[in-house]
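Peer 1: quick one: sequence plus predicted model below, questions after.
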Amino acid sequence: PTNRASSKPGAIQCVRCVGVERHRFRITDRVIEGMVSWWARPLEKVYAAVFIDAIMVKTRDGQVRNRPIYAAIGVDLDGHKDILGRWAGDGDGESAKFWLAVLTDLNNRGVRDIFFVVCDGLKGLPDSVSAAFPLATVQTCIIHLIRNTFKYASRKYRDKISADLRPIYTALTAAEARLRWEEFAEKWGTPYPAIVTLWESAWEEFIPFLDYDVEIRRVLCSTNAIESLNAPLAACGARSRALPERAVRTQNALPGDPVAGPEGYRSDEVGRTLEASAQRPGHHVRRSYARSRRTLTRQAIGKPPLTP
């Protein structure tokens, strides 16, 4: 059925579509209300560790531009993981100043103390953590530190450098790690002085996890939990699809995110969700590879390529 819903001649609109449009805004409002409620929910007073990291995504608001999305995951004293929030930042890169605003927001939501803040090697970030939580220990992500090391090294020497770095971050004590580091610096300091400067500047934030057992070291040594959380956004960027600006403007929890939701997530549930999210980029890569292989095969036998 149709209904002449406009005064303009010939303007005919489906009645069913009108009903859908009316209910669409109501549903959207209810979703946004739930997300804002989840965003502002009170948090635990003390967290054993908080993992923080940011990812650059493309957003679309008239024009496509890069914008950082900040994320934080907390581990409480019972060992349960909880996504503390996501925040859409300003500017074209990750900022220690914005991280200070994020940590202050966590403080305002009830967090009084954090034992460890695990982060990348962003300049100025330890100062931001100390300003918000003076008693917190800053632990640099070892994976980020090794990645940054490879940026200054020739590709043909990366395997050797990786093998020489391993005794440093697997040392039994911080003193032993320092000895292994001096041996590394003596061997690689001349050809790659920037690597020595990088590790020396990050040393105080690198060694805290060495005071604990292997089980605790595995938890504190990297921000892999955040990497898995950001995997869906990274996959979106790899497919060159920009997020609408509305998705990052109105609330910190992005719409359509399978992890961020009104209810708090615990360790078993977040583990399954993050594992499923981490598999998505590989699925798209395998599918694209299979499609390219079929196209090349048809070209080789003289047949036209398949239409999408």
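Peer 2: Here it is on my side, so go on.
Peer 1: for the nearest residue to Ile142 once chain neighbours are set aside, phi and psi?
Peer 2: Setting aside the residues directly before and after it, Ile142 is nearest to Cys221 in space (C-beta to C-beta, 6 or more residues apart in numbering), at 4.6 Å. C-betas here are computed from N, CA, C, even on glycine. Torsion angles at Cys221 (phi, psi; degrees, to the nearest 10) stand at phi -80, psi -10.
Peer 1: so Cys221 sits against Thr140, correct?
Peer 2: No - using C-beta atoms under 8 Å, Cys221 makes no contact with Thr140, being 9.2 Å away.
Peer 1: pick out whichever of those two has more residues nearby.
Peer 2: Using other C-beta atoms under 10 Å as the criterion, Cys221 and Thr140 rank with Thr140 on top: 26 against 20.
Peer 1: distance of that one relative to Ile146?
Peer 2: Using C-beta to C-beta, to the nearest Å, Thr140 is found at 11 Å from Ile146.
Peer 1: can you pull out the strands in the protein?
Peer 2: 2-3, 13-14, 46-61, 63-75, 81-88, 113-119, 137-140, 243-244 (DSSP state E).
Peer 1: save those strands as CSV, and put in mean pLDDT too.
Peer 2: Formatted as CSV, the strands of the chain follow (pLDDT from 0 to 100):
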stretch, mean pLDDT
strand 2-3, 44
strand 13-14, 41
strand 46-61, 88
strand 63-75, 87
strand 81-88, 89
strand 113-119, 94
strand 137-140, 94
strand 243-244, 52
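Peer 1: a markdown table for those strands, including distance to Phe209?
Peer 2: Shown next, in a markdown table, are the strands of the chain (distance: least, C-beta to C-beta, whole Å):
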| stretch | distance to Phe209 |
| --- | --- |
| strand 2-3 | 67 |
| strand 13-14 | 62 |
| strand 46-61 | 10 |
| strand 63-75 | 14 |
| strand 81-88 | 18 |
| strand 113-119 | 8 |
| strand 137-140 | 6 |
| strand 243-244 | 34 |
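Peer 1: so which of those comes closest to Pro167?
Peer 2: Set against Pro167 and scored by C-beta to C-beta, those come closest in strand 137-140, at 17.8 Å.
Peer 1: paired strands for the closest one, with orientation please.
Peer 2: Taking DSSP bridges as the criterion, strand 137-140 forms sheet pairs with strand 113-119 (parallel).
Peer 1: list the buried residues for the strand it pairs with?
Peer 2: 114-119 (16 or more other C-beta atoms under 10 Å).
Peer 1: so what touches it?
Peer 2: The contact list for strand 113-119 (C-beta atoms under 8 Å, 6 or more residues apart in numbering) reads 45-53, 74, 125, 129, 133, 135-141, 208, 220, 222-223.
Peer 1: extract the CA atoms of it and return them as PDB.
Peer 2: What follows is strand 113-119, C-alpha atoms only, in PDB (Å, rounded to 0.1, in the frame of the first residue of the first chain):
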ATOM      1  CA  ASP A 113      44.700   2.400  42.200                       C
ATOM      2  CA  ILE A 114      46.300   0.300  39.400                       C
ATOM      3  CA  PHE A 115      49.300  -2.000  40.100                       C
ATOM      4  CA  PHE A 116      50.600  -2.100  36.500                       C
ATOM      5  CA  VAL A 117      49.800  -0.100  33.400                       C
ATOM      6  CA  VAL A 118      51.000  -2.000  30.300                       C
ATOM      7  CA  CYS A 119      51.500   0.200  27.300                       C
END
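Peer 1: sounds good, over and out.
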